[in-house]
Each structure stands twice: as structure tokens, then as C-alpha cells.
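K.L.:
structural data only, the sequence is not supplied:
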């Protein structure tokens, strides 16, 4: 359907098209949720991996065994003995009621289905609103969707492969040996999921900055001027969200600082492109 034909559609026809696209999106979401529920056990193993990065790797400790030789002498023989490297090996999952495990599976299926169906839902949304936009507006929306998607994937990857495997097992090491480690299934999985979503949202910072720059509410000069204050703020956030050691703090601070610097660089490109378009 052409752009002019879309403009001639009546209000009722637009509502009908919106209803059809919403139905398609809901069907896709339902199918994705059911599929994720079927493989929810595997998804659970994937989500819990940051808690047990050392559970499959064991180190060998050297123990000495006294062996009597033929001439009645005694010899010390070194024998390697595997030992666990982390308290994460001793994790015991706990549920407090018979329905908790099923509810966790449904929760995992809900979040997983939403992530799987999100590209199709966004495609349906864009197919509905794009005919009413100009070519430049369509291009801006496409750039925003692509940029936000890439940054979200990068944020989840940094949290899953970089931050969580270092921070979460490290927290377990602070627990005394006299305390039995038992993690409640629902709460722990909720913390991991919320953490991944938090990183995905936090990594949208450059896109938010670019929108403000494009609207003229923020300038690259202001970003450079308040760089030190921003770094101090990011350092405080990293210190609050990580264990009390410099390494864990740097693991979170480094991506945030790189995002801020990339935002400054990208803001100059946005201002230059906006100036060129206005001069045409």
C-alpha cells in the first residue's frame, strides 16, 4: 500500500489495522512464551551460570604421602588432590512452597518469550506508524531502534560475561564457612533477570544523550565540561553496586566511562549532521 493510500484511510480503518497488528503481536508473544516454557529448564541453567563459573573447573592441591622404600627408608611422594576453588560449588537451590518452581518456570517463560517476540512486535509497530512518517523521520526511528537494540545486547553481554561471573561468586566468598549457602530460587533468578535488564537499560545512555543533543537541549561542550563530575558519579554508582574491592568496581566503571566518551564523540557527529541538514 502506498503512502498516499495510507493517508486516505479513515479513522475506523486505522483502528482496524491496529487491531490486526495487535492480534498478530499477541499471537507471536503467546507462541514465544509457550516455546520458552518448554525449554525453561535450559534457560534456567543459562541464567544461573554466572553463579557457578568455577563449578566445572577444579584445581589440584598437592598432598604428600609417606611410602616406605625397599631399604626401610621413607620417601615423600606428592599426590595431586582436586579441591574446589569457590563456595559457588556448594550452592543449594531452595523453594519455600510446592508451586515456587512452577512459578519460576512461568516467570522465565514470560521474560524469555517477550525477548524472543520483541523483534516481531517492533516490526508490526513500525509497519503501522511508518506510513504516517516522512522519509527523514523514518530514518531517525530506524537508527534509534537499531542503536537501542545493539546497546541493549552489549549491556546484557557485559553483565552476563563480565560483571556477574566476577561479582556474584565473589559475594559468596564473603559468607563464613559456618553458614550453609542456600539460595532461594525465585529471588535469585529475579535478581539476575533484573540485573540483566538494568544493564540493558543503563547502556541506553548514549542514545538518550544523542536525542537530547539532536533536540538542542544538550551540547557536546557541556558533556566535556561536566566529564569529571560524571565520572565521579559513575564511580559512586559502581562502588555501591559492586563488592568492596577496586577490581569489581573497575569492571563496572570502565564500560560506563567508555559509553560516556562515546556519547561525546557521537554528539559532535549529530550536531554536524543537523547543521548540514539545516543549511540545505
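P.N.:
Structure's in. What do you need? What you are looking at is a predicted structure, and each value in this text was computed from that prediction instead of being measured.

K.L.:
can you give me the buried ones in the helix or strand where residue 118 lies?
P.N.:
Element membership of residue 118 [criterion: DSSP states H and E] is helix 100-129. Applying a neighbour-count criterion of 16 or more other Cβ atoms under 10 Å, one finds 104-105, 108-113, 115-118, 120-121, 124-125, 128 buried in helix 100-129. Heads up, the C-betas are built off the backbone N, CA and C, glycines and all.

K.L.:
then stretch 151-169?
P.N.:
151-152, 155-156, 158-160, 162-169.

K.L.:
what is the nearest of the residues you listed to residue 279?
P.N.:
Distance to residue 279 across these (Cβ to Cβ) is lowest for residue 151, with 30.1 Å.

K.L.:
any idea of the pLDDT on that closest one?
P.N.:
Confidence at residue 151, expressed as pLDDT, is 89.

K.L.:
where does pLDDT dip in this structure?
P.N.:
Where the chain drops to pLDDT under 70, the residues are 1-9, 52-91, 241-245, 247-248, 280.

K.L.:
now the residue nearest the centre of it, what are its backbone angles?
P.N.:
Centroid-nearest residue in the chain, with Cα atoms, centre = their mean: residue 156, separated by 2.2 Å. Taking degrees, to the nearest 10, you get phi -60, psi -40 for the backbone angles of residue 156.

K.L.:
so who does it touch?
P.N.:
By Cβ atoms under 8 Å, 6 or more residues apart in numbering, the contact list for residue 156 reads 196, 199, 200.

K.L.:
now these: which count as buried?
P.N.:
So, by 16+ other Cβ under 10 Å, the buried ones in the contacts of residue 156 are 196, 199, 200.

K.L.:
mind listing what the last one touches?
P.N.:
By Cβ under 8 Å, 6+ apart, the residues touching residue 200 are 151, 152, 153, 155, 156.

K.L.:
among those residues, which are in helices?
P.N.:
In helices, defined here by DSSP state H, the members of these are 151, 152, 153, 155, 156.

K.L.:
wait, a helix at residue 175?
P.N.:
No. Counting by DSSP: H, G, I helix; E, B strand; the rest coil, residue 175 is not part of a helix but coil.

K.L.:
that one - nearest residue in space that isn't next to it in sequence?
P.N.:
residue 181 (5.9 Å; Cβ to Cβ, 6 or more residues apart in numbering).

K.L.:
how many residues are close by the one you found?
P.N.:
14 (other Cβ atoms under 10 Å).

K.L.:
give me the distance between it and residue 96.
P.N.:
16 Å (Cβ to Cβ, to the nearest Å).

K.L.:
counting by contacts, list what the helix holding residue 118 packs against.
P.N.:
On a contact count with 3 or more Cβ pairs under 8 Å, 6 or more residues apart in numbering; DSSP states H and E, helix 100-129 meets helix 11-38, helix 40-48, helix 135-157, helix 185-202.

K.L.:
how far does that helix sit from the chain's center?
P.N.:
Relative to its parent chain, helix 100-129 has a centroid offset of 15 Å by Cα atoms, centre = their mean, to the nearest Å.

K.L.:
so which bits of stretch 199-207 are buried?
P.N.:
For stretch 199-207, by 16+ other Cβ under 10 Å, it's 199, 200, 202, 203, 205, 206, 207.

K.L.:
and the helix or strand hosting residue 238, what's buried?
P.N.:
Assessed by DSSP H and E, residue 238 sits inside helix 227-241. Neighbour-count burial for helix 227-241, counted by 16+ other Cβ under 10 Å, picks out 230, 234, 235, 238.

K.L.:
mind putting the buried ones among the contacts of residue 156 into TSV with distance to residue 249?
P.N.:
Shown next, in TSV, are the buried ones among the contacts of residue 156 (distance: Cβ to Cβ, whole Å):
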residue	distance to residue 249
196	20
199	16
200	21
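
K.L.:
and which of the residues you listed is nearest to residue 277?
P.N.:
Nearest member of those to residue 277, counting by Cβ to Cβ, is residue 200, at 30.8 Å.

K.L.:
the closest one and residue 118, how far apart?
P.N.:
Taking Cβ to Cβ, one finds residue 200 at 11 Å from residue 118.

K.L.:
how about residue 128?
P.N.:
Distance from residue 128 to residue 118, by Cβ to Cβ: 16 Å.

K.L.:
which residue packs closest to residue 29, ignoring adjacent ones?
P.N.:
residue 117 (4.4 Å).

K.L.:
OK, contacts around that neighbour?
P.N.:
By Cβ under 8 Å, 6+ apart, residue 117 lies in contact with 25, 28, 29, 31, 32, 33.
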